[in-house]
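Q: what would the 3D arrangement of this be:
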Amino acid sequence: MQTTSISWCDYSWSPVTGCSRHGPECRSCWAEAFTRRQAARDDAPEYMDDLEWTQENAEAVVDTHEDRLDEPLAYTYPDGPGRVFVVSMGDLFHREVPTSFVRRVIAVARQLPEHEFVFLTKRPGRAAEIEVSWPDNAIVGASVGSGPGGEYPDTTHRIEQLRNVDARRWVSFEPLIEPVGEVELDHIEWAVVGGENASDDMRREMDHEWARDILRQCRRNDVAFHFKQSSAATNETGTRLTVKNEQYGVYEQRVIREFPPVPECVQNARDEQ
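A: This next block holds a predicted model:
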């Protein structure tokens with residue numbers, strides 16, 4: 001477990017590592033590239049290998065880490081209570097992760113009400129199928145990067161699949177590789193938008209108009225909006241969104257990094273510390 005520079009969270013915890021590509025957004029997956037680079041080192045952890053994260057290799061590359069389950073309970077949280085990104089190096093709801101292990105991860109979150117545990121998956125359908133009592137300090141999100149009628153397979157159905165997850169919900173529109181069109185956000189508390197990080201020859205550029213369209217829908221549905229970054233070779237580059245100043249009729253660059261309200265149980269736990 002460690003601190004992180006990701007703009008929408010403070011810490012990361014990965015009791016699961018590895019995944020298999022599950023949509024057009026996965027082409028330039030940072031976690032896969034990092035893992036395969038690390039696997040080439042002489043001192044690489046035993047669980048790491050340099051296999052591609054394909055469906056065929058899923059059994060080999062997806063690992064659950066029993067020794068990491070209690071990390072949040074022992075960690076000192078140098079920046080104080082905050083948001084914990086759960087499984088930043090894989091997908092907790094991958095088919096190779098046993099349901100019993102998923103429940104144990106969620107149970108750890110319940111024991112630490114002063115922190116918000118942020119879950120993110122490309123498989124919200126499985127998240128909805130698992131019978132579990134989600135704690136109020138958890139928020140469950142789906143990754144969506146493409147829309148209907150575009151160049152890539154549509155992934156917006158994941159937003160609707162989230163409706164069946166009995167928890168607070170959010171959407172990560174990252175990497176946003178084409179317009180997503182009109183989407184239903186009435187069950188969503190938070191939307192994060194970001195462009196793709198990849199080399200110049202691999203990167204699919206995000207038009208800020210696509211992000212502004214999501215911002216417009218968030219404002220209509222009273223959803224917190226967080227613009228993470230533009231498309232670039234490196235993370236956290238171009239963090240200002242180009243938006244129109246309606247008063248003066250000109251476009252300007254703005255930092256828009258909102259968060260959903262802190263749950264009452266979280267605030268109460270922090271007040272008691």
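Q: and the helix or strand hosting residue 214, what's buried?
A: Per DSSP states H and E, residue 214 falls inside helix 208-221. For helix 208-221, burial by neighbour count (16 or more other C-beta atoms under 10 Å) applies to 208, 210-215, 217-218. (C-beta placed from N, C-alpha, C; glycine too.)
Q: now swap in stretch 266-273 and tell me
A: For stretch 266-273, using 16+ other C-beta under 10 Å, the buried residues are 266, 269.
Q: same deal with stretch 168-182?
A: Buried residues in stretch 168-182 (16+ other C-beta under 10 Å): 168-180.
Q: over to stretch 36-50?
A: Those would be 36, 48, for stretch 36-50 by 16+ other C-beta under 10 Å.
Q: could you do stretch 243-262 as well?
A: Judged by neighbour count using 16+ other C-beta under 10 Å, the buried positions of stretch 243-262 are 243, 256, 260.
Q: and stretch 45-64, by the same measure?
A: 48, 51, 53, 58, 61-64.
Q: show me where the stretch 151-273 of the chain has strands.
A: 168-173, 190-194, 224-229, 241-245, 250-254 (DSSP state E, counting those that start in this stretch).
Q: for the first one, which strands pair with it and how are they oriented?
A: Using DSSP bridges, the neighbouring strands of strand 168-173 in the sheet come out as strand 138-143 (parallel), strand 190-194 (parallel).
Q: closest to residue 273 out of the ones you listed?
A: strand 138-143 (19.4 Å; C-beta to C-beta).
Q: export the buried residues of stretch 168-182 as a markdown table, with columns for distance to residue 121 and pLDDT.
A: Listed next are these as a markdown table, based on distance: C-beta to C-beta, whole Å; pLDDT from 0 to 100:
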| residue | distance to residue 121 | pLDDT |
| --- | --- | --- |
| 168 | 14 | 98 |
| 169 | 11 | 98 |
| 170 | 11 | 98 |
| 171 | 11 | 98 |
| 172 | 10 | 98 |
| 173 | 14 | 98 |
| 174 | 13 | 97 |
| 175 | 16 | 97 |
| 176 | 17 | 98 |
| 177 | 18 | 97 |
| 178 | 21 | 98 |
| 179 | 23 | 98 |
| 180 | 17 | 98 |
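Q: tell me which two of those sit farthest apart.
A: 168 and 178 (27.4 Å).
Q: tell me the confidence at residue 137?
A: As predicted, residue 137 sits at a pLDDT of 98.
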